[in-house]
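S.K.: Here is a sequence with its predicted model. Questions after.
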Amino acid sequence: MLKPKQKRVISPEVQAKGAAALAKWRKEKAKAQKKGGKYYEEWLAAEELKKAQKRTSPLQAIKNFCNECVGGIRNDITNCSSLKCPLHIYRPYQKGKEE
Ligand code: SF4
């Protein structure tokens, strides 16, 4: 049996925080637009990068980092011997695991 949809409740503090963050973002955007040209393009590129980083999951980030560390060679990640690396136990392509 389906439960009736519950209305999402957002506390006034969280709403105020969100509104403040949005106001700050709009202010920065207006400032960048006012300066225009190269400055605005750089601001847009930085915003796109932030969005892309937010879309990346932690596991994907670790996978990307390991790939960059060893130059994209999967076997090198599997056989990584850097036990002191904080990502060592989380690295992808470990032996005995299916990828
Ligand atoms: S676990 Fe190994 S491959 Fe991954 S980042 Fe650390 S040293 Fe590089």
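M.R.: Ah, there it is.

S.K.: Output the below-cut-off pLDDT ranges for the chain.
M.R.: Residue ranges of the chain with pLDDT under 70: 1-2, 96-99.

S.K.: Please list the residues of it that sit near the ligand.
M.R.: 65, 66, 69, 70, 77, 80, 82, 85, 87, 88, 91 (Cβ under 6 Å from any ligand atom). From N, CA and C alone the C-beta is placed, and that goes for glycine too.

S.K.: Are any of these buried, and if so which?
M.R.: The neighbour count (16 or more other Cβ atoms under 10 Å) marks 66, 70, 77, 80, 87, 91 as buried among the residues of the chain next to the ligand.

S.K.: before we move on, back to that, next step: the residues of the chain next to the ligand restricted to helices.
M.R.: Counting by DSSP state H, the part of the residues of the chain next to the ligand found in helices is 65, 66, 69, 70, 77.

S.K.: Take the residues you listed and lay them out in JSON lines including distance to residue 9.
M.R.: Listed next are those as JSON lines, based on distance: Cβ to Cβ, whole Å:
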{"residue": "65", "distance to residue 9": "38"}
{"residue": "66", "distance to residue 9": "41"}
{"residue": "69", "distance to residue 9": "44"}
{"residue": "70", "distance to residue 9": "47"}
{"residue": "77", "distance to residue 9": "44"}
